[in-house]
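> This is a predicted model, with the sequence first.
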Amino acid sequence: MTKTETSVAAPDEGLAFAFRHCEQLVREGDPDRYFATLFAPVAFRPHLFALGAFSLTVARVRDAASNPMAGEIRLQWWRDALQGEARGDVKANPVAAALDDAIVKRRLGRQPFVDLIDARVFDLYDDPMPRVNDLEGYCGETASSLIRLGGLVLADGAEPGGAAAAGHAGVAYGVTGLLRALPWHARNGQVYLPADLLRENGVTREDIVSGRGGPGLVRACAELRRLARRHLKSCEAARATIAPAARPAFLPAALVEGYLSAMERLSYDPLNTTIEMSRWRRLWRLWRAAKRG
């Protein structure tokens, strides 16, 4: 067993609890990433779960805060924690403790985590995403960043390659996830669909949050599915640039086509249809992608 493997396999009691906590969070809140992580080598899973738990925790700040200002304060705590400026014992927070261990032991930069937090400020407010380019940037700072960081963890200090592939994979997965979450976001007054795309299709924010929908929304969602597929195709074209060790970080992208295809059934209603995948089908797609490398 290598020194790196030992440091993760036999942590102190507090850190062991932090890792278990992160794994539980991801298992319950992000099943795609949980099952994908099970295809990674055992020694790296605690730190991959730490990344996922951090992402999930920051994504849930709006739900945990009573208003946008309270959410901004929570996000600032995470910035301060990452930059060593938070008051009190940061490691008393199990997600922060596990994440710090991942950053230190896997030699990760802290700026990508701060950038992810900054992107999540958008979640706190009800304004629509301004443009398609803004949506791609948002997914790049969140979903793409998580894939890239996962690749760095798996490469354990070496260059994992595939930076462009991670960008495309994250946008494809992120856009698909936002389409899946559209019914929930609409009920909560959030609109991630780009305003320029909505205008082109004659859709207003009120059409979405009121549940009216309409043909224009169907067209807009179809355009976003095409956008996700273009990025998925670009990721596939860059697959050879990804170091073999880093490829498990890209596995969530293997689920994108299945979700998009489900949105093209005649019965699909963007504001009311729940798009899910059975556990066996999810595992089969992940297994097939992992075997293919």
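Sure thing, it's come through.
> So if we follow the domain assignment, how does the protein break up?
With domains defined by the TED database, the chain comprises 12-125, 127-292.
> got TSV for these, with mean neighbour count too?
All C-beta spots, glycine's among them, are computed from the backbone N, C-alpha and C. What follows is these, written out as TSV (neighbours: other CB atoms under 10 Å):
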stretch	mean neighbour count
domain 12-125	18
domain 127-292	19
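> any chance of those domains in JSON lines, plus mean pLDDT?
Compiled in JSON lines, the domains of the chain are given as follows (pLDDT from 0 to 100):
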{"stretch": "domain 12-125", "mean pLDDT": "94"}
{"stretch": "domain 127-292", "mean pLDDT": "96"}
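> Please determine how far the closest residue to residue 146 other than its chain neighbours is located from residue 47.
Nearest non-adjacent residue to residue 146, counting by CB to CB, 6 or more residues apart in numbering: residue 55, 5.3 Å away. As defined by CB to CB, to the nearest Å, residue 55 lies at a distance of 13 Å from residue 47.
> helices and strands around the strand or helix carrying residue 218, which ones?
When elements are assigned from DSSP states H and E, residue 218 belongs to helix 215-237. Packed against helix 215-237, as judged by 3 or more CB pairs under 8 Å, 6 or more residues apart in numbering; DSSP states H and E, are the following elements: helix 132-139, helix 163-180, helix 195-200, helix 205-209, helix 256-262.
> Not counting it itself, show me its contacts.
132, 136, 164-165, 168-169, 171-172, 175-176, 178-179, 182, 193, 197-198, 200-203, 207-208, 250, 253, 256-257, 260, 263-264, 270-271 (CB atoms under 8 Å, 6 or more residues apart in numbering).
> that older thread, report the contact partners of the residue nearest to residue 146.
Residue 55 makes contacts with 30, 116, 142, 146, as judged by CB under 8 Å, 6+ apart.
> Next, give me the two most distant ones among those.
Between all members of the contacts of residue 55, the longest pairwise span (CB to CB) is found for 30 and 116 and amounts to 14.5 Å.
> helices or strands up against the helix or strand residue 70 falls within?
Using DSSP H and E, the secondary-structure element containing residue 70 is helix 68-82. With contacts defined as 3+ CB pairs under 8 Å, 6+ apart, the packing partners of helix 68-82 are helix 61-64, helix 94-105, helix 111-120.
> would TSV of these with distance to residue 20 be doable?
Formatted as TSV, those follow (distance: least, CB to CB, whole Å):
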stretch	distance to residue 20
helix 61-64	21
helix 94-105	8
helix 111-120	21
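> do you know which of the ones you listed lies nearest residue 25?
Each of those was scored for nearness to residue 25 using CB to CB, and the closest is helix 94-105 (7.2 Å).
> Not counting sequence-adjacent ones, nearest residue to residue 138?
Distance criterion CB to CB, 6+ apart; nearest residue to residue 138, sequence neighbours excluded, is residue 119 at 5.5 Å.
> circling back: the contacts of residue 55 in helices, which ones?
Among these, DSSP state H puts 116, 146 in helices.
> Distance to residue 282 for the contacts of residue 55 - can I get that in TSV?
Compiled in TSV, the contacts of residue 55 are given as follows (distance: CB to CB, whole Å):
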residue	distance to residue 282
30	12
116	25
142	21
146	18
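> ok, the contacts of residue 55 vs residue 152, which is closest?
Each of these was scored against residue 152 by CB to CB, and residue 146 proved nearest at 10.8 Å.
> Could I get the contacting residues of the closest one?
Residues in contact with residue 146, defined by CB under 8 Å, 6+ apart, are 51, 52, 55, 116, 170.
> and residue 129, which of the three is it?
coil (DSSP: H, G, I helix; E, B strand; the rest coil).
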